[in-house]
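Enquirer: Just the structure for this:
(4 chains, ligands or ions: 4)
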Amino acid sequence: MASDAPSRLHIQGLTKRFPGVVALGEMSLRVRPGEVHALLGENGAGKSTLMRILSGVLRPDEGTIAVDGEELTLRSPLAARRAGIAMIHQELQQVPELTVAQNMFLGRALRRGGLFVDRARQEALAAEALAPLDSAIRPDAPIRSLRVAQRQIVEIARALLDNARIIAMDEPTSSLTPSEFERLAAVIAGLAARGVSIIYVSHKMDEVFRTCSRATIMRDGRFIADLDLAGTTEGAVVAQMVGRELAVAEHRSSVQAETVLSVRGLSAGTKVVDASFDLRRGEVLGIAGLIGSGRTELLRLIAGADRRSGGTVAVNGRPLVRAGTRAAIAAGIGLVPEERKRDGIVPQRSMVANVALPSMPRFAPRGIVRGRRLRAEAGRLLAEVNLRPMQIDRPIRLFSGGNQQKGIIARWIAAGTQILLFDEPTRGIDIGAKAEIYGLIERLAAEGKSVIVVSSELPELLRLSDRVLVMRQGRIAAELPREALSEQAIVAHAVPQSVRAA
Amino acid sequence: QELKPLNPDTETDRIDWSQLATKLGPMPKPAAGTRVGAVSKTLTNEYWRLLGEGYQSLGKKLGVKVAYQAAQNEGDQVGQLSIAETMIAQGVNVLLVSPQTNANLEPILGEAKQAGIPVVNVNDAVIPLAPHYVGNVQRDNGVRVARWFIANRPSGGKLAVIEGQAGVFAATQRTAGFKATIAAEGGKLKVVASVPGNWDRQLSYDAATTLLQQHPDLVGFYCNNDTMALGVVEAVKNANLLGKVAVFGTDGITDAHASIRAGELTGTVDSFPVLTGEVAMEAALRILAKEPVPRVVATPQALITKDNIERYKGKGADLRAVLEEDVRSGK
Amino acid sequence: MLTLTDKAAPAPGATTRLRVPLRDFGTLLGLVLIVLVFAVAAPGFLTERNLLNILQQSSINACVALGMTLVIVSGGIDLSVGPVAALSAVLSASLMVAGVPPVLAVMAGLALGAACGAVNGALICFGGLQPFIVTLGTLSTYRALALIATDGNPIFGVPQSFRALVNGNVGGLPMAVVVVLVVALLAGLILRKTPFGEYLLAVGGNEEAAHIAGVPIALTKIGAYMLSGLLAALAAMILVGRLGAAEPILGNLWELDAIAAAAIGGASLMGGKGSILGTLLGAVILGAMRNGLTLMNVQAFYQLLATGLIILFAMLIDRFARGRA
Amino acid sequence: MLTLTDKAAPAPGATTRLRVPLRDFGTLLGLVLIVLVFAVAAPGFLTERNLLNILQQSSINACVALGMTLVIVSGGIDLSVGPVAALSAVLSASLMVAGVPPVLAVMAGLALGAACGAVNGALICFGGLQPFIVTLGTLSTYRALALIATDGNPIFGVPQSFRALVNGNVGGLPMAVVVVLVVALLAGLILRKTPFGEYLLAVGGNEEAAHIAGVPIALTKIGAYMLSGLLAALAAMILVGRLGAAEPILGNLWELDAIAAAAIGGASLMGGKGSILGTLLGAVILGAMRNGLTLMNVQAFYQLLATGLIILFAMLIDRFARGRA
Ligand SMILES: Nc1ncnc2c1ncn2[C@@H]1O[C@H](COP(=O)(O)OP(=O)(O)OP(=O)(O)O)[C@@H](O)[C@H]1O
Ligand SMILES: Nc1ncnc2c1ncn2[C@@H]1O[C@H](COP(=O)(O)OP(=O)(O)OP(=O)(O)O)[C@@H](O)[C@H]1O
Ligand SMILES: [Mg+2]
Ligand SMILES: [Mg+2]
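Expert: Ligands and ions are numbered 1, 2, ... in the order given. Okay, here's the model as predicted:
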């Protein structure tokens, strides 16, 4: 390691404690000018905590941060920005009622006549920053009218506005498609060429190897290694991250003959049109499609979360007559939603309470909750999904995203769900936990449960699915059996005709 | 000519209600289609409903149409002003108002004058430049109860006041009258507590319970209205002190009379709301007929206790006659 | 199989046991401070009789505030408690006066309270309106109905048997206090030990997530408002028994006292958080304050001043005892 | 190269352009309905004089409600507007009576209003307390101060020059209406065109995001409460001019009317949303209703009923006009 090269950012001995957890313990990190530096670690390793300290949102308990040799005390987000540090937060930090441009310039509005916001100039600059990423996003559209992926792109573009020396990106691509990632990668390369340092946090190893030159690996809040990525392999990095080799598992099929779910003509306006398919016991059915192709909506319809405008859903031959999630849950359907924070968790409640929520009647046979039984059972399931830290009474909001996801899965296992609907099950989840979740999904299938997995990650679909449906513009455009599965085949069906013709 | 700020107690241009017919002659017949607008404080207190009954009963007898309105609650000053203004805009012939405060209906004097509508201030708060006032003297309420204690509790003792809403004209005046009279006596009677009851039965009950426990030897309560007094009576009953502690209210609502008859409430300063309403209506119509009605028409009030209630409120009692007799006998 | 080991059943209880008192510690501290101040300043404050008196005087607000707490936990607010109480009081009293046995009359009143709450809840859930504005609307509507039903007059003549029961004692404690303690126990049980309580917390914490998890959102909310209406009606019954009259204007400004008690007790008006014990303590703080100020014969204006300042101080003490998070 | 999205992103500009009037369409519809009903039912309602009268009568509530809207947009609520108005009125009137030139006296009153607001804001931001409970506390505290300062008596003798100014006309419109229109324009400008307005929306919409973006949270909130206090004080000045006196009990229950106007106008009590135009319309709806009911000589209890029902109906109409989202 060329330790004599000047450091753009030098973090030493950084420690941050939360009640009951040491999120960072004497962490160190060193990034050179113009370097794209990956920060890798499992869920809960402390990456976001480090980034939040770097962006002035959190204050460290101990340790120093130096930028270009100058030691800084970052008292506020504003101070960090003044020090040339821009940040893309893992949780989208936007105000729904404001426009794209207003959000991008929030806290640093351009003024006209010293008093008024210069909307025109803000929008022009916003458009300029958005152009290389997604020129379809209009700077005057309110944020709430955008899809998650677009919002994430806005978040990235906002960081580009600052002309920062350091741009820290905390899982910037968690909702993006491969093609969107490509554009981002080009932007990052351009920034690095201009001498901007990038810190890149991601659980997607292919992206990391594609964009970054070095990587710092952390585990349990501690520094583990600082590697030159050119001289190493994905397997080696992952091994350092999780502290052991990850066995590469092959697809396992447990499909049985019996049909448990039949969907016929299911529709919701133009979002989902006339969807029909069957799901068999023990089957893992993948659903592919581009963003906005209606996959999320399809799952929500099956789970009873939205009203259908037509069609039927039948479980074990019995159609669901009553609308709503309760009827679906009673029939054995459970949804693991895409946006965990919005649709998944009750943040202030404990992990146990979140796990037990749909199963309350079962845990309260005589109207009074049997707390001991509930805790024992939920605790067992949470141990089973390998919750970390194993503190089931902590409010769920204090867990990392991957562990929240495990909680939601445990929730449906506890509810005795027969048909699990996973919407982007490994979004923002580390590679180790991802393997665990794959293992969980396969074990569920092996136990005779049926699973639908919506995913934008084709390798994930290829790894898990016994069969894949491809959605396009709200319709099921194709059904690909395992034998016919390939990335090319899926893409070919997912892309609308109009685009293919062009 | 310029009016001086009105003080109904000291104004010399005054007449007693019983003298109206004597001095001004018989009631003139109002023109057909005469419309009277009346705005009172709030209808949630029976006192104001009874006042309205007085307006309506005389109105009906004389064939005039009466629109009787009130604000939503006793604090709604701007709302009451809006109601009065709307009535002026609507073009009533004469306006009777019982203002929430001394100030809140002041603007209508000018507006009504412009529209040629006479305004009569009926009871309670006093608009300083009001050209006409019909009503009793709020301060006198407290004075009368104080005099009863001075006369009937010669051995002295502790007294407590339960006040109405803080800052409201009637409450302030009544309390002040009571306290000043007791203090002026300088004798063995002493006001040991004066606490807010906010015109609220429940609050007054709680306050009285606390006071009775603190001063078990209390000899009496003066309450700024009957609702509060009836709450206090329950507290006294609950403390098994009925008969030992005298409780007085103010207003003379039906429930107070019932309680006096039942031997629970000791007394109330009755200002005869129905009669007051009739008198006010009569005065208003006389003013409308351009008769020289003095600026202040004093309406009666009397301290009613078990001893004299049948005289005023008994079956077949002719209230007007009784009160006229009171005037003659100088009560 | 996923039903594997038992190894990880974690030490249960340890943290929860500790959290319960901690959560209400700030409120308790506030109460203790206020009691200390009055003990010094108001002779007669710290007598057994007066303390019982305070409990009794706090009981009505506590009863209303318990219902309010459940609504607040579910992420709502109920401004209509006073008029709901008035309607129920008027109904029960009329029935009793008409000769209906008190038990039935009371049940009718309680049912009416719950029904009023159900209307609130239904407007909020099915009309998709904000709780504040719905209950602001029904605040006027219910009050108007009570006034119209009675022509504005109080209803007297509540049977002595009923009054004796309400004003009686049970084991040295006033009946009202006993009733409220029982209600508090039940409310605590509901909130912490039943699915419905869990649903309340979930709906107040994250409605969308609760929906996906199969929580019956509308039923839960309507249930909360029904309980609030029911408890307002129960408070009205206590008051009718105490005053011997049912007034259509009864319950004026009860909502503010109840919200204050719940907030002092640690409920968050953003929903998802609230404590039954805290609310009880909050109600007693307000009751003790009023009692102490009366004992000290503080002039009305200064009582108002003290009321405002004590609410602010109670909140600040609570805030700092609990840590700013 | 793949296109990124499947369905073309719905041209967002189109909807936003439409949405600005759409947002207030429901409120306008409500107003139109109410006006139609009264035009038929109450003779004299639809005269120029009466309509001006309604505007004038709505102006005080509108003024307070505009400030309330800014606070609500920032995610707060201000229950203390009435007492703040009373304090300011008392100060200004005392100064005028003492011979201070009206301009200075009014400025002092407005400054006091803003200062009271600043105290609210500071308690909320630095004390970390909930807005509802802070302003509930200051509601009592400020009222008490006004009563203590005046001994409960109104202050008479406001100079005629000041009264003439306030009660004058400008281009056929009553001065109060003109003042409120100017204030509304300014408030609209602040909310939609200045960084501070963006901060208000941001703090109310997502406080954490605003914090991370470097929005000065505390200053923004304090600013909102100061404006609310300032506008309450301005409303007080109008009222003092109209009444010729300043009363310590002025402004009773103003907060409820102001909140109702803002909510009818589409403000969300969850914060982040509110419309200046909507609030004005909301205030006029309430004013028109009171005026029409009086013209129809509806008895007070039924007026109360109508008030409650109209709040509920206005909200329902608004809700369905705007779509349930
Ligand atoms: N505000 C907080 N209070 C208490 N604990 C916290 C808080 N924020 C984070 N933690 C804990 O700190 C640890 C580090 O969390 P952090 O979010 O930094 O992980 P991460 O590496 O970003 O994980 P992920 O990959 O899931 O995003 C976790 O155990 C988490 O539960
Ligand atoms: N009922 C709903 N409430 C809120 N958001 C929804 C709802 N239904 C869908 N969405 C969001 O709308 C967007 C489009 O959903 P859709 O089902 O059309 O696309 P998708 O194929 O799942 O694409 P994506 O990958 O963006 O989720 C998604 O971001 C989804 O989270
Ligand atoms: Mg993270
Ligand atoms: Mg999706």
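Enquirer: Point out where the stretch 1-150 of chain C drops to low pLDDT.
Expert: C:1-22 (pLDDT under 70).
Enquirer: Next up, phi/psi of whichever residue of it sits closest to ligand 2, please.
Expert: Closest contact between the stretch 1-150 of chain C and ligand 2, by Cβ to the nearest ligand atom, is at C:Gly128 (15.0 Å). From N, CA and C alone the C-beta is placed, and that goes for glycine too. Note on C:Gly128: its backbone torsions stand at phi 70, psi 30 [degrees, to the nearest 10].
Enquirer: again with A:Ala136
Expert: Main-chain torsions, A:Ala136, degrees, to the nearest 10: phi -80, psi -10.
Enquirer: wait, C:Glu255 sits on C:Asp78?
Expert: Yes - C:Glu255 is within contact range of C:Asp78, at 6.9 Å (criterion: Cβ atoms under 8 Å).
Enquirer: Residues that sit against both of these two, list them.
Expert: Here C:Glu255 and C:Asp78 have C:68, C:135 as joint contacts, going by Cβ atoms under 8 Å, 6 or more residues apart in numbering or on different chains.
Enquirer: ok, now how distant is C:Ile217 from chain A?
Expert: Distance of C:Ile217 to chain A, computed by Cβ to the nearest Cβ, to the nearest Å: 9 Å.
Enquirer: low-confidence ranges in chain B?
Expert: Residue ranges of chain B with pLDDT under 70: B:1-2, B:331.
Enquirer: Which residue does it have closest to chain A?
Expert: Per Cβ to the nearest Cβ, B:Val78 is where chain B lies closest to chain A, at 32.8 Å.
Enquirer: Skip the chain neighbours and tell me the closest residue to that residue.
Expert: With Cβ to Cβ, 6 or more residues apart in numbering or on different chains as the criterion, B:Val78 has its nearest non-adjacent residue at 5.9 Å, and that residue is D:Ile60.
Enquirer: Next: B:Asn238.
Expert: C:Asn167 (6.3 Å).
Enquirer: Also A:Gly402?
Expert: A:Gly402's closest residue in space is A:Asn43 (Cβ to Cβ, 6+ apart), at 3.1 Å.
Enquirer: next one: C:Ser161
Expert: Counting by Cβ to Cβ, 6+ apart, the residue nearest C:Ser161 is C:Pro102, at 6.4 Å.
Enquirer: Now do the contacts for the one you found.
Expert: By Cβ under 8 Å, 6+ apart, the neighbours of C:Pro102 are C:96, C:159, C:161-162, C:165.
Enquirer: change it to 10 Å
Expert: Taking Cβ atoms under 10 Å, 6 or more residues apart in numbering or on different chains as the criterion, C:Pro102 is in contact with C:92, C:95-96, C:158-159, C:161-163, C:165-166, C:237, C:241.
Enquirer: now C:Met296
Expert: By Cβ under 10 Å, 6+ apart, the residues touching C:Met296 are B:193, B:195, B:214, C:38, C:41-45, C:302-303, C:306.
Enquirer: again, only this time at 6 Å
Expert: Taking Cβ atoms under 6 Å, 6 or more residues apart in numbering or on different chains, we find C:Met296 in contact with C:41-42.
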